[in-house]
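Student: Using only what follows, build the 3D model:
(one chain, ligands or ions: 1)
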Amino acid sequence: MSETQFAAGVTIHLHKHDLPESILSKFSGVVAIDTETMGLDARRDRLCLVQLSAGDGTAHLVQLIPPGLGGRGGDCPNLKRLLVDPAVVKLFHFARFDVAMLRQTFGIGTGPVICTKIASKLVRTYTDRHGLRDLCRELLGVEISKQLQSSDWGALDLSPEQCAYAASDVLHLHALWAKLEALLAREGRRALADACFRFLPARATLDLLGYDDPDLFEH
Ligand code: MN
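Tutor: Got it, this is the predicted structure:
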């Protein structure tokens, strides 16, 4: 494990192969999760990194390395245990992709799930800008960079810049969710949001089966 201290009290831990058992107990309530992959096709592209944060300014990055490159592939029992733990809510931005990726890689159903992108679309109907960067700027006044989004996440040695970028994708999700949760209540759409969140794992499985295009619900 390597530890890097960044500005403003942010700490980033990089773990190879799996989350250390000792860290599992730090995750209760709601854990923010994101993934970095070799591309945007969950059926084609390899999962490279899973980022997690308890919302305390600390990010844990789990780097998954294929057995052919000296790693353990999808052999990460601690991470998988957390992903399926019914007592821990998993908070994503665009959960549809991450949940599909995690199912494709590990063969497990991640849950329960909540998603800042779905929440934003349900309440911020005055805009079509629902990217993580847009939400951080408007709701939190925080600027995050998306510059390294399309960098080579399959590299065996991730750069400090890549680690900082990957961490920034989970460090603000708790604060965003708090804002969006208040908006969902204000607009009377919390129950609808919860129904969408319950459906998300099925939506991800439908995507993996090819029901994304044409969409299953399309005429
Ligand atoms: Mn990301």
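
Student: Up against the ion, what does this structure have?
Tutor: 34, 169 (CB under 5 Å from the ion). For glycine as for every other residue, the C-beta is placed from the backbone atoms N, C-alpha and C.

Student: What pairs with the top strand by length along the chain, parallel or antiparallel?
Tutor: The longest strand of the chain (DSSP state E) is strand 29-37. Under the criterion DSSP bridges, strand 29-37 sits next to strand 47-53 (antiparallel), strand 88-92 (parallel) in its sheet.

Student: Buried deepest among those, which one?
Tutor: strand 47-53 (a mean of 24; mean count of other CB atoms under 10 Å).

Student: Counting neighbours, which bits of stretch 91-104 end up buried?
Tutor: In terms of neighbour count (16 or more other CB atoms under 10 Å), stretch 91-104 has its buried residues at 91-93, 95-104.

Student: JSON lines please, covering these and showing pLDDT and secondary structure.
Tutor: Below are the buried residues of stretch 91-104 laid out as JSON lines (pLDDT from 0 to 100; DSSP: H, G, I helix; E, B strand; the rest coil):
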{"residue": "91", "pLDDT": "98", "secondary structure": "strand"}
{"residue": "92", "pLDDT": "98", "secondary structure": "strand"}
{"residue": "93", "pLDDT": "98", "secondary structure": "coil"}
{"residue": "95", "pLDDT": "98", "secondary structure": "helix"}
{"residue": "96", "pLDDT": "98", "secondary structure": "helix"}
{"residue": "97", "pLDDT": "98", "secondary structure": "helix"}
{"residue": "98", "pLDDT": "98", "secondary structure": "helix"}
{"residue": "99", "pLDDT": "98", "secondary structure": "helix"}
{"residue": "100", "pLDDT": "98", "secondary structure": "helix"}
{"residue": "101", "pLDDT": "98", "secondary structure": "helix"}
{"residue": "102", "pLDDT": "98", "secondary structure": "helix"}
{"residue": "103", "pLDDT": "98", "secondary structure": "helix"}
{"residue": "104", "pLDDT": "98", "secondary structure": "helix"}
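
Student: ok, then the element right after the lowest-mean-pLDDT helix or strand in the chain?
Tutor: Lowest by mean pLDDT, DSSP states H and E among the helices and strands of the chain is strand 2-6, with a mean of 61. Next along the chain after strand 2-6, taking DSSP states H and E as the criterion, comes strand 10-16.

Student: so that next one versus strand 47-53, what angle?
Tutor: Interaxial angle, strand 10-16 versus strand 47-53 (axes from the mean of the first three to the mean of the last three CA atoms, to 10 degrees): 140 degrees.

Student: Partner strands of strand 10-16, with direction?
Tutor: strand 2-6 (antiparallel), strand 58-63 (parallel).

Student: Quick check, pLDDT for the spatially closest residue to residue 175 that is not a sequence neighbour.
Tutor: Nearest non-adjacent residue to residue 175, counting by CB to CB, 6 or more residues apart in numbering: residue 140, 5.5 Å away. At residue 140, the model reports a pLDDT of 98.

Student: how about residue 140, what does it touch?
Tutor: Listed by CB atoms under 8 Å, 6 or more residues apart in numbering, the contact set of residue 140 reads 172, 175, 176, 179.
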